[in-house]
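Asks: Dropping the sequence and predicted coords here.
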Amino acid sequence: MKKYLFFVNQPYSYSILRPLQEEIWKRGDEVAWFVAGCTAAPLRPDEKHLKTVAEVMEYNAIATFVPGDWVPYFFPGIKVEVFHGMARNKRGHSSEDESDHYRIRGWFDLYCTHAERDTAKFRELAEKHQHFSVAHTGWPKLDPLLSQPMRGQRQLEEGDLPVVFYASTFSRSVTSAPDLVEKIGELSRSGRWRFIVTLHPKMDPEIVDQYRKLAGENLRFVESDEDLLPILPEADVMLCDTSSIMFEFMFLDRPVVTYRTKMPGPYLVDVDDVGEVESALTKAMEYPVELMEATRALCDELHSFRDGCSSARVINAVDDFFENQQARLARKPLNLIRKLKVRRRLAREMRLNPF
């Protein structure tokens, strides 16, 4: 039986890693979770939780999967980067050299990439650095969405209200939440729309409380630590700003409306005025041909696969790494100062969030 480890440092990691867990279990192998820097409350009773570094060392996994940009280098096994999002930057273009997405910090042995463009870039970097390998696998987080039996426009029965999924990022310079709270409350009370609302975990608590108070017959408020993936397919259209969740929603082949987005493009219906929100939602519900063609083209750019099998490809890539890649790689750089910082960071975050 092979043993694997999940390193969790942010709440978003759970939905990224759980499809991998299902694939590992399907193969008869074992996986454990180590959480540092955020709450372990989302862990289920059937998920193995290692609470100390000593337990991690004793567990002795052959590979640690990481959705973030750092990992304790001294944990046993290889370190596998699966990423916390797809390769996009704040301007809405594919990320280039300067992006954090492509920064090589010296922690990872294997990068599991999502699309042709980021795969090519990482392979260039692998050729340059010589101490890691790259596999074009797709993103495990999308497996549940891409496995949905019904994607595209939902057929509403008579009397059904269209469902809007509203999500907002937390940064004050880009969040739409303060501007839209009254409008979303008004639309949910109008009897013309139903809303599902969630906000970023770092959102101003006062804003979060305003949205919680809107909950009612036609508005469901979803806490930030809930798994959003099973909920997304319930919506017909997304209302967003500059949160990366809008790209995930697009893989359902459904439209996105944004308010003053910093990532504009023909794949969005973007508005600058609160008074235009409802008309934009109405337009999006018509699934305009040009909008949906642009949405599909963007999804092709961001993620190569539509089969919902990225988790299987990631585990296969780990097997291939051991069999065909590991022996030919150079040693990683010493990075003594970075390693000291990682030890300090791990100690600090375990003190701040003691499982």
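Replies: Yep, it's here.
Asks: sec struct for whatever residue is furthest in space from the centre of the chain, please.
Replies: Here the chain reaches farthest from its C-alpha mean at residue 158, the gap being 34.6 Å by Cα atoms, centre = their mean. Using DSSP: H, G, I helix; E, B strand; the rest coil, the structure places residue 158 in coil.
Asks: Now do the phi/psi pair for it.
Replies: Main-chain torsions, residue 158, degrees, to the nearest 10: phi -60, psi 130.
Asks: Against residue 266, how distant is it?
Replies: To residue 266, residue 158 is 33 Å away according to Cβ to Cβ, to the nearest Å. For glycine as for every other residue, the C-beta is placed from the backbone atoms N, C-alpha and C.
Asks: And residue 125, by the same measure?
Replies: Noted for residue 125: a distance of 30 Å to residue 266, by Cβ to Cβ.
Asks: These two: which is more packed in?
Replies: Between residue 125 and residue 266, residue 125 has the larger neighbour count (other Cβ atoms under 10 Å), namely 17 against 12.
Asks: Touching, that one and residue 104? I think so.
Replies: Yes. Counting by Cβ atoms under 8 Å, residue 125 touches residue 104, with 5.7 Å between them.
Asks: quick check: domain ranges of this structure?
Replies: Domain assignment of the chain by automatic domain parsing yields the ranges 3-144+308-352, 151-302.
Asks: chain center to the shortest one: distance?
Replies: This means domain 151-302. With Cα atoms, centre = their mean, to the nearest Å as the basis, domain 151-302 stands 16 Å off its chain's centre.
Asks: What's the end-to-end length of that domain?
Replies: 18 Å (Cα to Cα, to the nearest Å).
Asks: Which helix or which strand is home to residue 18?
Replies: Assessed by DSSP states H and E, residue 18 sits inside helix 13-26.
Asks: residues making contact with that helix?
Replies: By Cβ atoms under 8 Å, 6 or more residues apart in numbering, the residues outside helix 13-26 that reach it are 2, 4, 6-8, 30-31, 33, 38, 42-43, 47, 65, 67-68, 82, 84, 139-141, 143-144, 227-229, 310-312, 314-315.
Asks: residues near residue 10, how many?
Replies: 14.
Asks: Would you mind giving both backbone torsions of the closest residue to residue 150 other than its chain neighbours?
Replies: Residue nearest to residue 150 in three dimensions, not counting chain neighbours: residue 233, with 7.6 Å by Cβ to Cβ, 6 or more residues apart in numbering. Dihedral pair for residue 233: phi -60, psi -10, per degrees, to the nearest 10.
Asks: going forward, begin numbering at 554 instead of 1
Replies: Understood, numbering begins at 554; the last thing we discussed is residue 786.
Asks: For the closest residue to residue 779 other than its chain neighbours, pull up the helix or strand it's in.
Replies: Excluding the flanking residues, the one nearest residue 779 by Cβ to Cβ, 6+ apart is residue 751, at 7.5 Å. Taking DSSP H and E as the definition, one finds residue 751 inside strand 747-752.
Asks: Mind giving me the packing neighbours of that strand?
Replies: In this structure, strand 747-752 makes packing contacts with strand 716-721, helix 730-742, helix 758-765, strand 772-775, judged by 3 or more Cβ pairs under 8 Å, 6 or more residues apart in numbering; DSSP states H and E.
Asks: ok, residues contacting that strand?
Replies: Strand 747-752 has contacts (Cβ under 8 Å, 6+ apart) with 714-721, 723, 730, 737, 740-741, 760-761, 764, 767, 771-777, 779, 781, 784, 787-788.
Asks: how about residue 653, what does it touch?
Replies: Contacts for residue 653 (Cβ under 8 Å, 6+ apart) come out as residue 622.
Asks: Give me the pLDDT for it.
Replies: Model confidence at residue 653, given as pLDDT, is 74.
Asks: Dihedrals phi and psi, residue 702?
Replies: The phi/psi pair for residue 702 (degrees, to the nearest 10) is phi -70, psi -20.
Asks: Would you mind writing the CA trace of the strand or helix carrying residue 673 as CSV?
Replies: Take DSSP H and E as the rule and residue 673 turns out to sit in helix 669-682. Provided in CSV are the C-alpha atoms of helix 669-682 (Å, rounded to 0.1, in the frame of the first residue of the first chain):
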residue,chain,number,x,y,z
GLU,A,669,-0.5,23.5,-23.1
ARG,A,670,0.9,27.0,-22.5
ASP,A,671,1.8,26.6,-18.8
THR,A,672,3.2,23.1,-19.5
ALA,A,673,5.5,24.5,-22.2
LYS,A,674,6.7,27.3,-19.9
PHE,A,675,7.4,24.9,-17.0
ARG,A,676,9.2,22.5,-19.3
GLU,A,677,11.5,25.4,-20.3
LEU,A,678,12.1,26.1,-16.7
ALA,A,679,12.8,22.4,-16.0
GLU,A,680,15.4,22.3,-18.8
LYS,A,681,17.0,25.4,-17.2
HIS,A,682,17.0,24.2,-13.6
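Asks: tell me how far that helix is from the chain's mean position?
Replies: The answer for helix 669-682 is 21 Å, by Cα atoms, centre = their mean.
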